[in-house]
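Undergrad: how would this look folded up:
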Amino acid sequence: MNYPYKNITNRFVIALLLFVVWIVFIDDNSLLYLHGLDRNIQELKNKKAFYQNGIKQQKIELKDLNDTRKLQKYAREKLLMKKEGEDIYIIENK
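TA: Model (predicted):
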């Protein structure tokens, strides 16, 4: 008698399939959960690199602001400050 599903009905194969389903989907540390954690870790690393780059740029700007001329230029351009009796015209390029 040639039974086509003989290997599938073997109790060891059934136990192995149940184990794989358990590990991939059901367990608290399932592969799907771990994959989501890896994705979150990668996003956090990208954010960390972004903020570290921003900190480096701000440190460079802070060093530049020690010069009086650059400090005045920064105050005029970024903060729109002016000296007494001085008029400022803002020209926007479109």
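
Undergrad: Show me the longest helix that occurs in the protein.
TA: Taking DSSP state H as the criterion, the chain has its longest helix at helix 31-64.

Undergrad: Burial check on residue 73, number of neighbours?
TA: A count of nearby residues for residue 73, using other C-beta atoms under 10 Å, gives 13. C-beta coordinates here come from the backbone N, C-alpha and C atoms, glycine included.

Undergrad: Any figure for the gap between it and residue 88?
TA: According to C-beta to C-beta, to the nearest Å, residue 73 and residue 88 sit 13 Å apart.

Undergrad: One more: residue 38?
TA: The spacing between residue 38 and residue 88, counted by C-beta to C-beta, is 52 Å.

Undergrad: do residue 64 as well
TA: 21 Å.

Undergrad: Tell me which of those two has more neighbours.
TA: Per other C-beta under 10 Å, whichever of residue 64 and residue 88 has more neighbours is residue 64, with 13 against 10.

Undergrad: ok, now which ones touch that one?
TA: By C-beta atoms under 8 Å, 6 or more residues apart in numbering, residue 64 lies in contact with 70, 74.

Undergrad: mind checking pLDDT for it?
TA: pLDDT recorded at residue 64 is 87.

Undergrad: Check residue 3 too.
TA: We have a pLDDT of 67 for residue 3.

Undergrad: Use 834 as the first number from now on
TA: With 834 as the first residue, the last one maps to residue 836.

Undergrad: sorry, back to before: what element comes up after the longest helix of the chain heading to the C-terminus?
TA: Toward the C-terminus, helix 864-897 is succeeded by helix 901-910 as the next helix or strand (DSSP states H and E).

Undergrad: for that next one, packing partners?
TA: When contacts are defined as 3 or more C-beta pairs under 8 Å, 6 or more residues apart in numbering; DSSP states H and E, helix 901-910 sits against helix 864-897.
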